[in-house]
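generate coordinates for the sequence data below:
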Amino acid sequence: MGSKGPLDIHKEGDKIPSIDLFEDSPANKVNIADLCAGKKVILFAVPGAFTPGCSKTHLPGYVDKAGDLKSAGVAEVVCVSVNDPFVMSAWGKQHNAGGKVRMLADPAAVFTKQLELGADLPPLGGLRSKRYSMVLEDGVIKTLNVEPDGTGLSCSLADKIKV
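Got it, this is the predicted structure:
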């Protein structure tokens, strides 16, 4: 079995890459593979914190539905964006995400690039994440829902996720 390149990692049935993301500050690293080990996790990604669709619909939907998702066996709900950890923390506080959705920063887009789920969005500063959601079981991608245009609000929303 050869090693997987970036183009092979973002499919259902693949393991999530072992990459450090950041929570609240650059000092608080969270390895996403370790976080997902041995449990069911929903991870969703957005093009940018504080952007209209992300702030009005995407994040609030997961915050509102977090209790139902956790009752259905989801251990963690995680939001990832190509922003710095301070921005993600402030955005999470604005939406009362504490204890419901973990706000993880991918400041250099390392995770986003590894998954090949980046989008060049110059008005948002260049490389950002496409909008998507995934269900992970023990670090394996069980379902992956990437918005057809990378930024729309349809298949990756909280009310569409199947756990």
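
what does the helix ranked longest in the chain rub up against?
Of all segments of type helix in the chain, defined using DSSP state H, the longest is helix 59-71. Residues outside helix 59-71 that contact it (C-beta atoms under 8 Å, 6 or more residues apart in numbering): 42, 44, 46, 77, 79, 91, 95-97, 100-101, 157-159, 161, 163. All C-beta atoms are positioned from the backbone trio N, CA, C, and that covers glycine.

repeat that with 7 Å
Residues from elsewhere that reach helix 59-71 (C-beta atoms under 7 Å, 6 or more residues apart in numbering): 42, 44, 46, 77, 79, 95-97, 100-101, 157-159, 163.

and the helices in the protein?
Going by DSSP H, the chain shows helices at 32-36, 52-53, 59-71, 85-94, 110-115.

most tightly packed of those?
helix 110-115 (a mean of 20; mean count of other C-beta atoms under 10 Å).

for Pro26, find the nearest of the helices of the chain.
Among the helices of the chain, helix 85-94 comes nearest to Pro26, with 6.0 Å by C-beta to C-beta.

can you tell me which helices and strands the closest one packs against?
Here helix 85-94 touches strand 102-105, going by 3 or more C-beta pairs under 7 Å, 6 or more residues apart in numbering; DSSP states H and E.

endpoints of stretch 137-156, how far apart?
Distance across stretch 137-156, first residue to last, is 17 Å (C-alpha to C-alpha, to the nearest Å).

neighbouring contacts of stretch 117-137?
Stretch 117-137 is contacted by residues 10, 16, 36, 40-48, 51, 58, 80-82, 109, 112, 141-147, 150-152, 156, 161, 163 when judged by C-beta under 7 Å, 6+ apart.

list the buried residues in that stretch.
For stretch 117-137, the buried set under the neighbour-count rule, 16 or more other C-beta atoms under 10 Å, comprises 117-119, 121, 124, 128-136.

ok, for Val87, nearest residue in space, not its chain neighbours?
Counting by C-beta to C-beta, 6 or more residues apart in numbering, Ala49 is the residue found nearest to Val87 once chain neighbours are left out, at 5.0 Å.
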